[in-house]
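Colleague: sequence isn't available, so here's the structure alone:
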């Protein structure tokens, strides 16, 4: 419950990462800083399972595989206890996706807790709603998996009347976004979510669930753009406001 003069607590779901023989749990600094700049207090939500072997096997060899076994009832109980501390939840991008991230997305949707996901976080929202995600073709990856330093990569068309269109403003039916991914979603692969932005090559770039307080998945990275793009800052600010 939000209390007067208390900033909303935003849980960033950490991802396993294996580097130089050492397993780590990683939260993206762009997300941490964007939450702070837009009025929230970020915390890290850690995996409820041991991730050493999982990260070593899947993070490097098979990126974006829904790896790891299903959570046990005890693991879910412990994880959901942490989620109840959060006023909103962020599913960040990264090389891999794990089942606990999908479980977190389902929990947030079921409990009407504001949820936003970028890149791989978008994938986990799509999976949580029953949809599918596929590997991109060589040409698609060349267009959509661009270096971090490229501030803008391609345009997306935002659907009029969507919550996303209201956030960014009616003067911006098209947005120019960054793009750092190699997993793709076609419109027919989306289930139980509204498609609210598409790229010029027909791929889904944003989904939302308007019957909930705030559920938004974005294929791009607004958290990396808030210092130079006011539309992307509005997205993060609107999410934080929904968490109050």
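Modeller: Perfect, I can see it now. Quick caveat: nothing in here was measured; it's all calculated off a predicted structure.

Colleague: and the gap between residue 78 and residue 11?
Modeller: Using CB to CB, to the nearest Å, residue 78 is found at 14 Å from residue 11. Placement of C-beta: from N, CA and C, glycine included.

Colleague: between these two, who's got more neighbours?
Modeller: More crowded of residue 78 and residue 11, by other CB atoms under 10 Å: residue 11, with 24 against 12.

Colleague: shouldn't that one be within a helix?
Modeller: No: using DSSP: H, G, I helix; E, B strand; the rest coil, the assignment for residue 11 is strand, not a helix.

Colleague: show me the contacts for the spatially closest residue to it that is not a sequence neighbour.
Modeller: Of all residues not flanking residue 11 in the chain, residue 86 sits nearest, at 3.7 Å (CB to CB, 6 or more residues apart in numbering). For residue 86, the contacting residues are 9, 10, 11, 43, 45, 113, by CB atoms under 8 Å, 6 or more residues apart in numbering.

Colleague: now with 10 Å?
Modeller: 8-13, 41-43, 45, 104, 108, 113-114, 243 (CB atoms under 10 Å, 6 or more residues apart in numbering).

Colleague: now residue 71
Modeller: 47-49, 77-80, 98-100, 102-104.

Colleague: how close does the residue lying closest to residue 231 once chain neighbours are set aside get to residue 146?
Modeller: What sits nearest to residue 231 in space, not counting adjacent residues and going by CB to CB, 6+ apart, is residue 168, at 4.4 Å. Residue 168 sits 21 Å away from residue 146, going by CB to CB.
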